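Undergrad: Just the structure for this:
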Amino acid sequence: MSVVSFSCAPSLQATLFDGQIYALNFVDVDGHTLSTADGHVTVVVSATLADTARAHEVGDRVPDYCLGNPTYQMITVLNLNQKRTRVGRSIATVLVRRRLDAEAKLLQRRYDAKKLARDARRDIFAVADFDGGTSSQLGVEAGSSDFRVFVFGRDGKLLQQWNDVPSAAELATVVK
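TA: All right, here's what the predicted structure looks like:
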């Protein structure tokens with residue numbers, strides 16, 4: 001089985017195929033380095049600002065057994081694809097972090113209901129993609145408004161991908 005490895009380089013773009021291994025690397029808005037091949041089962045959502053409700057819906061459909069479980073991670077790649085000054089990018093990054101803080105408060109309710117003694121904010125990851133480089137790793141064309149959901153196995157194997165929000169049952173079947 002071949003391994004495809006990408007870093008955040010805008011010129012790389014390829015269609016991803018189920019069953020192939022992809023070691024995709026991301027840096028989120030909090031400075032965390034994340035990978036699809038680092039031992040986690042990873043759900044990656046590629047969305048634009050217009051798709052944030054759908055990205056939230058994917059998160060709501062993640063099975064409860066994944067919550068607070070270090071085996072699982074969800075990464076939202078926010079395709080901003082806008083030319084911004086350094087100051088503009090800094091402001092946009094701050095706004096994304098604030099949105100993550102608000103999402104964490106909602107997720108914390110699920111954690112509390114499951115009696116998980118863990119800070120939900122530590123489990124929320126978002127990548128602000130200003131130049132299309134991160135999206136291109138996922139085979140999403142720069143400037144595209146495509147919404148995509150990917151599930152990668154612990155070794156980076158692409159288990160499943162969707163062009164819309166998968167049902168809770170579909171998502172649960174794949175992440176298991």
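Undergrad: Y22 - that's part of a helix, no?
TA: No. When DSSP: H, G, I helix; E, B strand; the rest coil is applied, Y22 is found to be strand, with no helix at that position.
Undergrad: Touching, it and V44? I think so.
TA: No. The criterion here is Cβ atoms under 8 Å, and Y22 misses it with V44 at 10.0 Å. Just so you know, the C-beta spots here come from the backbone N, C-alpha and C atoms, and that holds for glycine as well.
Undergrad: can you list residues touching both of the two?
TA: Both Y22 and V44 are contacted by 36, 152, under the criterion Cβ atoms under 8 Å, 6 or more residues apart in numbering.
Undergrad: contact partners of the helix or strand hosting Q73?
TA: Under the criterion of DSSP states H and E, Q73 resides in strand 72-79. The contact list for strand 72-79 (Cβ under 8 Å, 6+ apart) reads 26, 28, 34, 40-49, 52, 55, 58-59, 62, 66, 96, 123-129, 132, 134-135, 138, 140, 144-145, 175.
Undergrad: Direction included, what does that strand pair against?
TA: Based on DSSP bridges, the pairing partners of strand 72-79 within the sheet are strand 41-47 (parallel), strand 125-129 (parallel).
Undergrad: Relative to V175, how far out is the most far-flung residue of the chain relative to its centre?
TA: Largest separation from the mean C-alpha position in the chain: K115, at 25.0 Å (Cα atoms, centre = their mean). Note on K115: its distance to V175, by Cβ to Cβ, to the nearest Å, is 21 Å.
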